[in-house]
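# For reference, the sequence and a predicted model appear below.
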Amino acid sequence: MTENTLKITFQQADEHRQAARKRLQRAESGETGEAIQQDVRSIVNFEDFDDIALLMRTANLKLIETIVAEEPASIRELADAVDRDYREVHRNLGELEALGVVEFSDNGTRQRAESGETGEAIQQDVRSIVNFEDFDDIALLMRTPNLRLIETIVAEEPASIRELADAVDRDYREVHRNLGELEALGVIEFTDNGTRKKPILRGGAENVDFSIRFPRTADRSSTSGVSA
């Protein structure tokens, strides 16, 4: 049986549909195994940077972490666990539900938060792995302007910061500041290109695969109620 993991992707809807068709064909031919058993409900794909930025806000990440680790029996219990106002937590859960990351199950007269884990194993050279220990760093990385810069760096390979700023139609100083944030996070670096600095992904990587895992508390059962 496959691990109970929610995979979050960006602009990969076509790939997921193709993979689902292949799994169906293999299942119809009598093949079995983990690849066949993967549930399409465990994949949430985003097509908009703003949706990713919303998901990756520090407040929302802390809610998901608490849902997974503590399995609160109600929204009220979740709000108490993160020491926040019930109404604010309720609003954030509505955002996560709209994104397809969490869902609610009835727990008597209450709605209970339930979640799986998010993420995938990374099998790459250690130089191409960037690990974050702080939600604020993840939230900074996932801001829409920063994601658009990363996308443009990968897709268009601008030869300089000025060329990147022109490509995204933004002020040079703002782009320079955002690139400084991404460099400090360890996501990008610069190479000398004559008299100019060329922004590239760390280690010369050609793509970005984001993974986040919220482990459950060891003594918790495997069942839970908002799902991520």
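Received the coordinates, thanks. Numbers count the residues shown, from 1 in each chain.

# alpha carbons only for contacts and neighbour counts from here, please
Will do.

# Mind jotting down where the strands sit in this structure?
5-10, 43-46, 103-107, 110-114, 117-118, 188-193, 196-201 (DSSP state E).

# mean pLDDT for those strands: which is lowest?
Here the strands of the chain differ in mean pLDDT, and the lowest is strand 117-118 at a mean of 38.

# which residues touch residue 161?
172, 175, 176, 196, 197, 198, 199 (CA atoms under 8 Å, 6 or more residues apart in numbering).

# With respect to residue 59, which of the residues you listed is nearest?
Closest to residue 59 out of those is residue 175 (25.8 Å), distances taken as CA to CA.

# Let me know the distance separating the closest residue to that closest one other than its chain neighbours from residue 151.
Nearest non-adjacent residue to residue 175, counting by CA to CA, 6 or more residues apart in numbering: residue 165, 6.0 Å away. Distance of residue 165 to residue 151, given as CA to CA, to the nearest Å: 13 Å.

# repeat for residue 141
12 Å.

# How are the helices of this protein distributed by residue range?
Under the criterion DSSP state H, the chain contains helices at 13-28, 34-37, 49-55, 58-70, 75-82, 86-98, 135-141, 144-156, 161-168, 172-185.

# Mean neighbour count, those: which tops it?
Highest mean neighbour count of these: helix 58-70, a mean of 21 (counted as mean count of other CA atoms under 10 Å).

# what packs against it?
Applying 3 or more CA pairs under 8 Å, 6 or more residues apart in numbering; DSSP states H and E, one finds that helix 58-70 makes contact with helix 75-82, helix 86-98, strand 110-114, helix 135-141.

# Can you check which of these gets nearest to residue 156?
For the helices and strands packed on helix 58-70, the distance to residue 156 is smallest for helix 135-141, at 19.6 Å, taking CA to CA.
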